[in-house]
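Enquirer: pasting the sequence and the predicted model now:
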Amino acid sequence: MASTRSLWDASVRIHPTADVSPEAVVGAGTRIWHQAQVRERAEIGRECILGKGVYIDAGVHVGDRVKIQNHVSVFHGVTIESGVFVGPHVCFTNDRYPRAVSPDGAPKIDSDWTVAPTLVRSGASIGANSTVVCGVTIGLWAMVGAGSVVARDVPDHGLVYGHPAKLRGVVCSCGLPLDISHVAKDTLPSETVGLSCGNCGSGVRVQRATLLELTEKARTG
């Protein structure tokens, strides 16, 4: 890596064992740790942390101040916006119907793959050992519990967990669950509902559809 360090801002820190393509973009203040790999055309924002053994595939976009913990795999087709936390051993897939070979036994090549884009919106958190199935969007400030399999979209501020991950609640941008026990299905307005966080006092706007799903689950058990 010594011959390519000059390509990036002096504040970038890359461990000698990391493999960062000279065709990648790495923002100021970012730290890339032991045995991580960042491939060509990947874009890593400012002040990010990429832990030990992280794999960032070709063309992946990562925003600013993103923390990606040890041994996370982020494959081509994934976009991670700013302020996202990705726990250790999370895996993002990128093909719904993967095969190593064609029906005739010939090895598949890049043009045979159909990438289904995945988007992780700003502020979201994904717990350790989770798998994110390609083609989904994880909303703003959403939280995915550890060990989940995310196979459908997660709404803004949604709390999901399980296999498959299901909507279980809503969370504040500070991370703690919001109390929705006072929310009545029949009084929900047409678009969003304002909630207040008992921990940090912040006001949070939550989509009506999210609260409808949760109140219906609470009613039916």
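Expert: Good, I have the coordinates.

Enquirer: return the backbone torsion pair for the residue nearest to residue 125 when sequence neighbours are not counted.
Expert: Nearest non-adjacent residue to residue 125, counting by C-beta to C-beta, 6 or more residues apart in numbering: residue 85, 4.2 Å away. Where C-beta positions appear, they are placed from N, C-alpha and C, glycine not excepted. Main-chain dihedrals, residue 85, degrees, to the nearest 10: phi -110, psi 130.

Enquirer: same deal with residue 161?
Expert: Torsion angles, degrees, to the nearest 10, at residue 161: phi -160, psi 160.

Enquirer: one more: residue 210?
Expert: phi -60, psi -50.

Enquirer: residues near it, how many?
Expert: The number of residues packed near residue 210 is 22, by other C-beta atoms under 10 Å.

Enquirer: residues in contact with the residue nearest to it when sequence neighbours are not counted?
Expert: Leaving aside its sequence neighbours, residue 210 sits nearest to residue 155 (C-beta to C-beta, 6+ apart; 4.5 Å). Taking C-beta atoms under 8 Å, 6 or more residues apart in numbering, we find residue 155 in contact with 139, 142, 167, 207, 209-210.

Enquirer: still on that earlier bit, wouldn't the residue nearest to residue 125 be in contact with residue 72 here?
Expert: No. With contact defined as C-beta atoms under 8 Å, residue 85 does not count as touching residue 72 (10.7 Å).

Enquirer: what bridges to the residue positioned nearest the centre of the chain?
Expert: What sits nearest the mean C-alpha location of the chain, by C-alpha atoms, centre = their mean, is residue 120, with 4.2 Å. Residue 120 has these beta-bridge partners by DSSP bridges: residue 80, residue 138.

Enquirer: quick one: contacts for it?
Expert: With contacts taken as C-beta under 8 Å, 6+ apart, residue 120 has the following neighbours: 78-81, 84, 86, 126, 132, 137-138.

Enquirer: before we move on, what about residue 101?
Expert: With C-beta under 8 Å, 6+ apart, residue 101 has these contacts: 107-108.

Enquirer: same thing but at 6 Å, please
Expert: By C-beta atoms under 6 Å, 6 or more residues apart in numbering, residue 101 lies in contact with residue 107.

Enquirer: ok, it to residue 116 distance?
Expert: 20 Å (C-beta to C-beta, to the nearest Å).

Enquirer: bridging residues for residue 154?
Expert: Residues in a beta bridge with residue 154, per DSSP bridges, are residue 138.

Enquirer: which residues touch the helix or strand of the chain with the lowest mean pLDDT?
Expert: Lowest mean confidence among the helices and strands of the chain (mean pLDDT, DSSP states H and E): helix 208-220, at a mean of 80. Here helix 208-220 makes contact (C-beta under 6 Å, 6+ apart) with 155, 167, 183, 185, 188, 191, 193.
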